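A.B. asks: below is the sequence, then the predicted model.
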Amino acid sequence: EAGVAQSPRYKIIEKRQSVAFWCNPISGHATLYWYQQILGQGPKLLIQFQNNGVVDDSQLPKDRFSAERLKGVDSTLKIQPAKLEDSAVYLCASSLIPGQPDTQYFGPGTRLTVL
Amino acid sequence: KQEVTQIPAALSVPEGENLVLNCSFTDSAIYNLQWFRQDPGKGLTSLLLIQSSQREQTSGRLNASLDKSSGRSTLYIAASQPGDSATYLCAVIAGANNLFFGTGTRLTVIP
């Protein structure tokens, strides 16, 4: 079974530029999550999708971050414009069963450096 | 708001030693608690998941315990090996399957 795929693996941009990350969850998984992990900290949930609807985006800085999962499969996370403090690893995860506690499977992450 | 704390932040032990990692959380209204391992430049690998009705789970040399009433969990690693070197993250699962992570313990096992 293929795992969660993410691309790119690394990205370096200058502040005020825009960037987009892509995630393809495990086939058949209804729920998709984006996490931000700043160096030395644990991951923090940014947004949770169930199929193509948003379940929780309370921690997403909506003035600069956006995410979509149009067909209920893969997802993109965008930052526009980027700030220095956005430097982090962005992790995507997916889980099979919607609406209840279920194991989340994580991708390898995208490491973003904002200069 | 759920706060998860892990102590110590970093730990170095000689190979073969047994060790304990600690995790505490502020809100006992959780579904499950999960321990992850994170290797540099890689994603998270789930090690053990303890359901809120359970008190412990074991997998090989790993044993995790959960005391919901006191808001604590421990991860016990027996006979540590250099390959165990990694960051260990504790996460509680609450709400709509949301994971609340601690800051992690960076473990180094010295050959």
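C.D. replies: Here it is on my side, so go on. Numbering: from 1, shown residues only, chains lettered A, B, ... in the order given.

A.B. asks: would you state the strands of chain B in chain order?
C.D. replies: Along chain B, counting by DSSP state E, strands occupy B:4-7, B:10-14, B:19-25, B:32-38, B:44-51, B:56-59, B:62-67, B:72-77, B:86-94, B:98-101, B:105-110.

A.B. asks: format those as a markdown table; extra columns: mean neighbour count, mean pLDDT and distance to residue A:108.
C.D. replies: C-beta: built from backbone N, CA, C; applies to glycine. Below are the strands of chain B laid out as a markdown table (neighbours: other C-beta atoms under 10 Å in any protein chain shown; pLDDT from 0 to 100; distance: least, C-beta to C-beta, whole Å):
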| stretch | mean neighbour count | mean pLDDT | distance to residue A:108 |
| --- | --- | --- | --- |
| strand B:4-7 | 18 | 94 | 22 |
| strand B:10-14 | 13 | 96 | 23 |
| strand B:19-25 | 19 | 96 | 23 |
| strand B:32-38 | 23 | 93 | 11 |
| strand B:44-51 | 19 | 91 | 10 |
| strand B:56-59 | 14 | 95 | 22 |
| strand B:62-67 | 19 | 96 | 23 |
| strand B:72-77 | 20 | 96 | 23 |
| strand B:86-94 | 23 | 93 | 15 |
| strand B:98-101 | 24 | 90 | 17 |
| strand B:105-110 | 17 | 97 | 19 |
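
A.B. asks: export these to CSV and tack on distance to chain A?
C.D. replies: Output for the strands of chain B, formatted as CSV (distance: least, C-beta to the nearest C-beta, whole Å):
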stretch, distance to chain A
strand B:4-7, 7
strand B:10-14, 10
strand B:19-25, 11
strand B:32-38, 5
strand B:44-51, 4
strand B:56-59, 13
strand B:62-67, 14
strand B:72-77, 14
strand B:86-94, 5
strand B:98-101, 3
strand B:105-110, 9
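
A.B. asks: give the contact list for the one residue sitting closest to the centre of chain A.
C.D. replies: Nearest to the mean C-alpha position of chain A, counting by C-alpha atoms, centre = their mean, stands residue A:34 at 2.8 Å. Residue A:34 makes contact with A:23, A:45-47, A:67, A:75, A:77, A:90-92, according to C-beta atoms under 8 Å, 6 or more residues apart in numbering or on different chains.

A.B. asks: just checking, it is part of a strand?
C.D. replies: Yes: counting by DSSP: H, G, I helix; E, B strand; the rest coil, residue A:34 is located in a strand.

A.B. asks: so it bridges to which residues?
C.D. replies: residue A:47, residue A:92 (DSSP bridges).

A.B. asks: for chain B, see how far away it is.
C.D. replies: Distance from residue A:34 to chain B, counting by C-beta to the nearest C-beta, to the nearest Å: 12 Å.

A.B. asks: how about the strands of chain B, which one is nearest residue A:107?
C.D. replies: Checking these against residue A:107 by C-beta to C-beta gives strand B:44-51 as the closest, at 9.2 Å.

A.B. asks: partners of that closest one in the sheet?
C.D. replies: strand B:32-38 (antiparallel).

A.B. asks: what residues does the strand it pairs with touch?
C.D. replies: Contacts of strand B:32-38 (C-beta under 8 Å, 6+ apart): A:101, A:103, B:23, B:25, B:44-52, B:62, B:64, B:66, B:73, B:75, B:86-93, B:99, B:104.
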